[in-house]
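**Q** Below is the structure, and that's it, no one-letter string:
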DNA sequence: ACATATTTTTAGATTTGTCTAAATTTATTT
DNA sequence: AAATAAATTTAGACAAATCTAAAAATATGT
Ligand SMILES: [Mn+2]
Ligand SMILES: [Mn+2]
Ligand SMILES: [Mn+2]
Ligand SMILES: [Mn+2]
């Protein structure tokens, strides 16, 4: 396999996430913003990743992942999400605490470790935030899901994921007792501010547009 | 806490191990040999670690750990050994496969992770090679153990650790079905080559001096 | 004690990954 | 189609970690 550094792996992941799974070209500035670095550093790195055959880079035109780059990115994402499952299921971290630790663990290099971890966890398909976990060949299920904010009135579904997985959003959900797996029904939309009146299980709640735009539902 | 790099941590660990738990001064060359680097790189690093207050360094006189350096080294060793236990107990790695992965895992920075891992493993006192695991304050049990090679005839004890934990030695032990916890009795020593005739459980075995010099026993 | 060998340090170079400031290219307005 | 703005790249610098070769300090042997 390719011999990628910690830093190179972070760039590959960013390109994957920014360019709808790596296929689309991504701009220098978008990457810089994503990994909190300067555009000039991104350009440097893109030239190096291009040398290594991990990205397709055309000056001023943005980058996309090569097949090799995509495989590498998926293997990092696989590790990230498996470690998140481990932290929540086995060590009882809460879902808002796992990301930063997983950012470190995802760079550990040992195929055996990843595969045994996967087995130890019972080959989970989704991480604690509802994101799907690629298998060892890089395949992952894509399920159809919709943002709560985009549903028509009276639609209902199961909450299966979050779009924003920042600690502050996750803690908001905890405080309001909204968890993955909950049944949510859209009762009515307030035209003025686009806030929603919803039924979470048995409870009536009012959710702002911002909240609703970050909750994924699987329609029932 | 101190903000140590991956590389700095490896140097601190080396100094700890080479200078009987960090208290004694260690030579530049010994460190270089231990971490497979050049003596000039060691000198450079010692000057940097000294700046950071992690080691006591006197030109040409060797180096020892400060209290802060010792604490840091112990925290890395704690993590290394806890991860080794995890890999063996939970993921079913064999004891000769864990070291290299633990060398990576020991650098993950999250106090919460380490403490929850410790709890998850049931606060183990020893790693798979019989080395003791420091607790969160850096305390660890020291038990009296003796090398099999140094026992008098007819002495017997429990095998509680290995001095050399290289994969090749550990695999030799596996092939010969010698494990930690086995009862070993020294039947006779051959004067010519210092090899030993021993009883491992019920089995009679002849062990070379080299093997015997790497097995720790607790006398019965 | 003096010559020789060994150990350790310094000097200078290299790689990786980052930065700021300036130059260049591409996009947007008027 | 210029002029202006925004995005991107280049140039040059820097810190961390490493190396090789040369110089300096320490240890050893006669
Ligand atoms: Mn995450
Ligand atoms: Mn996640
Ligand atoms: Mn080890
Ligand atoms: Mn060990």
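**A** Received the coordinates, thanks. As the structure is a prediction and not an experimental result, all values here were calculated from the model. Ligands and ions are numbered 1, 2, ... in the order given.
**Q** Show me which residues of chain A sit near ligand 2.
**A** Neighbours of ligand 2 within chain A, by CB under 5 Å from the ion: A:84, A:127, A:129, A:131. The way it works is simple: take the backbone N, C-alpha and C, and place the C-beta from them, glycine included.
**Q** show me the residues around the second one that make contact.
**A** If I follow you right, that is residue A:127. Residues near residue A:127 by CB atoms under 8 Å, 6 or more residues apart in numbering or on different chains: A:80, A:81, A:82, A:84, A:85, A:133.
**Q** Now do the host helix or strand of residue A:47: everything it contacts.
**A** Element membership for residue A:47 (DSSP states H and E) is helix A:39-51. Contacts with helix A:39-51, where a contact means CB under 8 Å, 6+ apart, come from A:7-8, A:11-12, A:28-29, A:31-32, A:55-57, A:63, A:69.
**Q** Could you measure from residue A:36 over to residue B:136?
**A** 32 Å (CB to CB, to the nearest Å).
**Q** again with residue A:24
**A** If you go by CB to CB, the gap between residue A:24 and residue B:136 works out to 47 Å.
**Q** and if you look at residue A:55?
**A** Counting by CB to CB, the gap from residue A:55 to residue B:136 is 43 Å.
**Q** pLDDT weak spots in chain A?
**A** Along chain A, segments meeting pLDDT under 70 span A:1.
**Q** List the residues that contact the spatially most central residue of chain A.
**A** Central residue of chain A (CA atoms, centre = their mean): residue A:131, 5.6 Å from the mean position. Residue A:131 makes contact with A:81, A:161, A:165, according to CB under 8 Å, 6+ apart.
**Q** next one: residue A:103
**A** Contact partners of residue A:103, counting by CB under 8 Å, 6+ apart, are residue A:80.
**Q** quick one: it is in a strand?
**A** No - under DSSP: H, G, I helix; E, B strand; the rest coil, residue A:103 sits outside any strand and is assigned helix.
**Q** any residue of the helix or strand hosting residue A:14 up close to DNA strand D?
**A** Using DSSP H and E, residue A:14 falls within helix A:6-18. No - Helix A:6-18 is not in contact with DNA strand D by CB under 7 Å from any atom of the strand; minimum separation 11.4 Å.
**Q** which helices and strands does that helix pack with?
**A** Here helix A:6-18 touches helix A:28-34, helix A:39-51, strand A:62-65, helix A:67-89, going by 3 or more CB pairs under 8 Å, 6 or more residues apart in numbering or on different chains; DSSP states H and E.
**Q** Could you identify which of the ones you listed is most buried?
**A** strand A:62-65 (a mean of 23; mean count of other CB atoms under 10 Å in any protein chain shown).
**Q** mind giving me the domain split of chain A?
**A** Domain assignment for chain A by automatic domain parsing gives A:6-69, A:146-219.
**Q** picking up where we left off before, mind checking which of residue A:55 and residue B:136 has more residues around it?
**A** Neighbour count, other CB atoms under 10 Å in any protein chain shown: between residue A:55 and residue B:136, residue A:55 has more, with 27 against 12.
**Q** How about the contacts made by that one?
**A** Shown in contact with residue A:55 (CB under 8 Å, 6+ apart): A:12, A:15, A:46, A:49, A:63, A:64, A:65, A:66, A:69.
**Q** Check these against DNA strand C and report the nearest one.
**A** DNA strand C lies nearest to residue A:49 out of the contacts of residue A:55, by CB to the nearest atom of the strand, at 8.8 Å.
**Q** distance of the closest one from residue B:190?
**A** From residue A:49 to residue B:190 the distance is 61 Å (CB to CB).
**Q** What of residue A:36?
**A** 66 Å.
**Q** Those two: which has the busier surroundings?
**A** Taking neighbours as other CB under 10 Å, residue A:36 and residue B:190 compare with residue B:190 leading, 12 against 6.
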